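Colleague: Fold the following for me, if possible:
(2 chains)
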Amino acid sequence: MNTALLLAIGGLTAVGLYLLTSRSLSRIVIGYSLLGHATVVALITAGGPAGWPPIAGGAAPEDMSNPLPQALTLTAIVISFGLTLFLLALARRQRTLSGDDLVEDDLEDRRIAAVESTPTEPEDSIAP
Amino acid sequence: MIFGLLVLHVAVCVVLACAGRRLGRSSLLVAAVPPACSALWGASRLGADPPATAHVTWVSGLDLAMTFRVDAFAGIMTLIVSGIGVLVFVYAFGYFGPGAAHTGRFATTLLAFSTSMLGLVWADSVWTLFVFWELTSVTSFLLVGHKSTDAEVLVAARRALIVTAAGGLVLLAGLLLVTGAAGTTLISELAPVDGTAATVGAVLVMIAAATKSAQVPFHPWLPGAMVAPTPVSAYLHAATMVKAGVVLVAVAGPALGSISAWKGCGLAFGIASIVWGALGALRHRDTKLILAWGTVSQLGMLITLFSVGTPTAVLAAVSLLVAHALFKGALFLIVGEIDVRAGTRHIDELGGLARSMPVAFAAAVLAGLSMAGAPPLFGFVAKETAIQAALGLDGPEAWIVGFGVIGGSVLTVAYTFRFLIAVFGPGPETPLSPRRHALSVPPAVLAVAGIAAFAVLGPLDAVLEPAAVRLSGGAPVDHLHRWPGLEPALAISAVVLVIGAIVGLAMGRRPGQAPADYAGRWTDASIDGTVAFGRATVARVQHGSLPVYLVTMAAVATLAATPFLADINLDHLVAWHTPLQGVLAATVVGAAVALCFVGTRLGAGLALGAAGITVAAVFVIHGAPDLALTQLLVEAAIVVGFVLAFGHLSRSFPMTGLRWRAVRITVAGLGGVAVVIGLGAASGNPVGAPPLAELAAASVDEGGGSNIVNIILTDIRGLDTLGEVLVLATVALGVQALARGLASTESSAS
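Modeller: Sure, this is the predicted structure:
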């Protein structure tokens, strides 16, 4: 395996994870995008060494790069593109509604935590 | 026939669930029909050979099947479950009276329980048994909580459910271990097993049985369950459901009996319950509680005898099982009749009922003497056999079992006499409401059955003996004797009766206080503690912060890579195939790191584009022009989208706390390392060269194109690509909907 690309994949994953865990939706989108890059590079790197484009008649078959991971990668690129666009649309809506792109805490979860931590009568847990 | 009967039960259940409200009290009589059919069938199967079986495969590869097998023992249990079921349904018709509410619901649930219990005693596959075991727990919960407006009832129902359901989980673990060791899931094919797994499994199965059969220290749910309507107490908590644990110990005995921990656990549970249950029955002042504590004691006796496992002990246990169902069922029904007619069941408020309720009195004396083990009743035969079984042992086991059986018998006689004196003995006569035949006939039938069983002991022995042979693993079993002759067991029996009667008569009218229910309170407190612990955990774990959730998930996922560290094979690693790859790798990582430092959204968007274009260059070097083109297009669209979405936000990114940032950097760094480890390890295990020549030839000949990647996408994975198009179309719709919602919000705001 190609060590340079392997390290690049690791670096992209690390930065992607770091950005994904931030509060700013724009950084989350960037992190998600970088993780997507890491995945597609991982796919083609795992497929074998670099070679000539897999076009029949263009090069001798033994000199070609592996076409199967490329086909899978193409799908991965397109799907991650679609999801990134969707995230962007969500972010834009969030910005319009709240004026910022920060991910707020889930109020529902906060409320559950607040309710659950105050002890209630045991009878409440059984519906009549 | 087995499936036919089960279907009949379920069908009537469904009908009652729909029409129960309209039928009202008469739904109880409709519900008695399926048990009557089962009881008749069970009676016709008594002593029949070979056993009736039924089987339907669910998942063949996983050995999951509904398998039923009605052998000699299951036949007896059928008669108990369904025969007493019929009587209880008739009795409930009288118990509830014309104006009672929710009788339809009650009939449905009670029939559902009856069905589950039948399935349990008929089950041959351990998984079938487990499913019905759990169903009995659930229906028991519903029946205990029948009067659902009462807080005390709900607490008792919860206690019964939690204890028995926890036992169900233990049972599942135990069955997995035991069947894994035995290599079969059919109870009839279980051979004696040993080994650590089997031992742990056997102990777990015994613990599960102890929870279901209310053995000390799991017993508090059974006295608590006495808040249920009396038909439920008589049926579930005396005659049938509490016997489920005993049945489990009985049928598993031949396979697990050779494990000493199994026997040790069984004897510990059993003897502790015999003594503690009987002492409880001597001290409580609510007649129903007296009987419930007596049940704990009797169940302990059954568990003890089945755990001992010698042929005589098993025969004694089977006889006691039948006898107990008859006398305890009868006594509960009598107490229920007293409760309905006198309006109380507290012994301090009862008295003189021997004159005013002669039928109930006669039935109670018959059933009580059978419980005490006095001749000429079936209980005498069972107790005599039990004492013989204890005398037949040797070593310390003889002393332990002898103490349990004989000491338990003395206490049983004592609480029986105390009960009879306190309820029916002399005293100011309790005023009664008019007699209802549906209430007085069923207990009389059960009580007379106790003396009838003694009278026709020969045919009964012919039925019980095959069951005992089956449960003692095929060993020959002695016969039951009406009169054992002058031997030690008889002398012991006589002494037991005399001492017990003296103690019981002395205690019968003694005033006192009912003991405090410490064990019950402790059980409820531990349930409450568990619930509070769950709530506190949820409050801590589900706090609502998305970044913390993500960091937690990433950290856990990172751990998954560590086992692969040893698989990395350095021989398969090369620095690069062309030096340009090294340059591009450095560039893309540089662009990514730069993204963490860029202050503005616009700058971030541009840096993201740079990273994407570098990835496209990596594809070019790798020999993937299609990927490079796609990547370029996609990247351009994303940069445009990014600027559209965030371009107006010029504020720089908000800073987070230093410590939290350190945690994020650590987890992210470890995540990157984990991916490197995983990929590096995977590359150490190549699976062979790709069939490039074949692919090239096939794409030209069959696909009609020279670009192999395109042929794979459109021909070989055509359906996948269609799905991909669908995903994109869905995204487009979603984006459009979000944007349009936005436009209308903006226009309405302006």
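
Colleague: The residue most central in space within chain B and chain A, how far apart?
Modeller: The centre of chain B sits closest to B:Gly168, judged by C-alpha atoms, centre = their mean, with a distance of 3.0 Å. As for B:Gly168, its distance to chain A is 18 Å (criterion: C-beta to the nearest C-beta, to the nearest Å). Glycine gets a C-beta too; all of them are placed from N, C-alpha and C.

Colleague: And that residue, what's its pLDDT?
Modeller: Predicted confidence (pLDDT) for B:Gly168: 95.

Colleague: so which helix or strand takes in it?
Modeller: Taking DSSP states H and E as the definition, one finds B:Gly168 inside helix B:151-182.

Colleague: and whatever helix or strand comes next after that helix, what does it pack onto?
Modeller: On the C-terminal side of helix B:151-182, the nearest following helix or strand under DSSP H and E is helix B:196-212. The criterion is 3 or more C-beta pairs under 8 Å, 6 or more residues apart in numbering or on different chains; DSSP states H and E, and the helices and strands that helix B:196-212 contacts are helix B:151-182, helix B:243-256, helix B:260-283, helix B:287-308.

Colleague: Can you tell me which of these is packed in deepest?
Modeller: Ranked by mean neighbour count under mean count of other C-beta atoms under 10 Å in any protein chain shown, the helices and strands packed on helix B:196-212 are led by helix B:287-308, which reaches a mean of 28.

Colleague: Where does the prediction get shaky in chain A?
Modeller: By pLDDT under 70, the weakly predicted segments of chain A are A:113, A:115-128.

Colleague: tell me, what residue is most central in it?
Modeller: For chain A, the residue nearest the mean C-alpha position is A:Tyr32 (3.8 Å; C-alpha atoms, centre = their mean).

Colleague: The helix or strand that residue falls within close to chain B?
Modeller: When secondary structure is defined by DSSP H and E, A:Tyr32 falls within helix A:25-46. Yes. For helix A:25-46, a contact with chain B is found by C-beta under 8 Å from any C-beta of the partner chain, at A:26-27, A:29-30, A:33-34, A:37-38, A:40-42, A:44-46.

Colleague: The helix holding B:Gly168 to helix B:243-256, inter-axis angle?
Modeller: When axes from the mean of the first three to the mean of the last three C-alpha atoms, to 10 degrees is applied, the directions of helix B:151-182 and helix B:243-256 differ by 10 degrees.

Colleague: Packing partners of helix B:151-182?
Modeller: Other helices and strands packing on helix B:151-182, by 3+ C-beta pairs under 8 Å, 6+ apart, are helix B:126-144, helix B:196-212, helix B:221-224, helix B:243-256, helix B:518-541.

Colleague: and the angle from that helix to helix B:126-144?
Modeller: Between the direction of helix B:151-182 and that of helix B:126-144, the angle (the same axes, to 10 degrees) works out to 170 degrees.

Colleague: now helix B:151-182 against helix B:518-541, angle please.
Modeller: Using the same axes, to 10 degrees, helix B:151-182 lies at 80 degrees relative to helix B:518-541.

Colleague: how far is helix B:151-182 from where the chain is centred?
Modeller: Between the mean C-alpha location of helix B:151-182 and the chain-wide mean there is a distance of 4 Å, by C-alpha atoms, centre = their mean, to the nearest Å.

Colleague: Next up, the contacts around the residue nearest to the centre of chain A.
Modeller: By C-beta atoms under 8 Å, 6 or more residues apart in numbering or on different chains, the contact list for A:Tyr32 reads A:16, A:20, A:80, A:83-84, A:87.

Colleague: burial count for B:Pro488?
Modeller: A count of nearby residues for B:Pro488, using other C-beta atoms under 10 Å in any protein chain shown, gives 11.

Colleague: and what of B:Thr558?
Modeller: By the measure other C-beta under 10 Å, the count of residues near B:Thr558 is 20.

Colleague: again, but for the one 10 residues further on
Modeller: Counted with other C-beta under 10 Å, residues neighbouring B:Ile568 total 18.

Colleague: isn't B:Leu460 right up against B:Ala453?
Modeller: Yes. Between B:Leu460 and B:Ala453 there is a contact under C-beta atoms under 8 Å: 5.6 Å.

Colleague: list residues touching both of the two?
Modeller: The contact sets of B:Leu460 and B:Ala453 overlap at B:Phe378 (C-beta under 8 Å, 6+ apart).

Colleague: which of those two has more neighbours?
Modeller: In this comparison of B:Leu460 against B:Ala453, neighbours counted by other C-beta under 10 Å, the higher total goes to B:Ala453 at 23 against 20.

Colleague: quick one, what contacts the residue nearest to that one when sequence neighbours are not counted?
Modeller: What sits nearest to B:Ala453 in space, not counting adjacent residues and going by C-beta to C-beta, 6 or more residues apart in numbering or on different chains, is B:Phe378, at 3.8 Å. Going by C-beta under 8 Å, 6+ apart, B:Phe378 touches B:319, B:322-323, B:326, B:370, B:450-451, B:453-454, B:457, B:460.

Colleague: so which of the residues you listed comes closest to chain A?
Modeller: The nearest member of those to chain A, counting by C-beta to the nearest C-beta, is B:Leu326 at 34.6 Å.

Colleague: Run the chain-centre distance for the helix or strand containing that closest one.
Modeller: Assigned by DSSP H and E, B:Leu326 belongs to helix B:311-342. For helix B:311-342, the gap between its own C-alpha mean and the chain's C-alpha mean amounts to 26 Å (C-alpha atoms, centre = their mean).

Colleague: in what helix or strand does residue 68 lie?
Modeller: Picking chain A for this. Assigned by DSSP H and E, A:Leu68 falls in helix A:67-98.

Colleague: ah, no, chain B please
Modeller: B:Phe68 belongs to strand B:64-70 when assigned by DSSP H and E.

Colleague: what's that strand packed up against?
Modeller: Using 3+ C-beta pairs under 8 Å, 6+ apart as the contact criterion, the secondary-structure elements in contact with strand B:64-70 are helix B:2-23, strand B:52-59, helix B:103-122, helix B:126-144.

Colleague: Just the buried residues of stretch B:698-716, please?
Modeller: Taking 16 or more other C-beta atoms under 10 Å in any protein chain shown as the neighbour-count basis, stretch B:698-716 is seen to contain the buried residues B:698-699, B:703, B:707-713, B:716.

Colleague: So which residues make contact with that stretch?
Modeller: The contact list for stretch B:698-716 (C-beta under 8 Å, 6+ apart) reads A:54-58, A:64, A:67-68, A:70-71, A:74-75, B:624, B:626, B:695-696, B:720-721.
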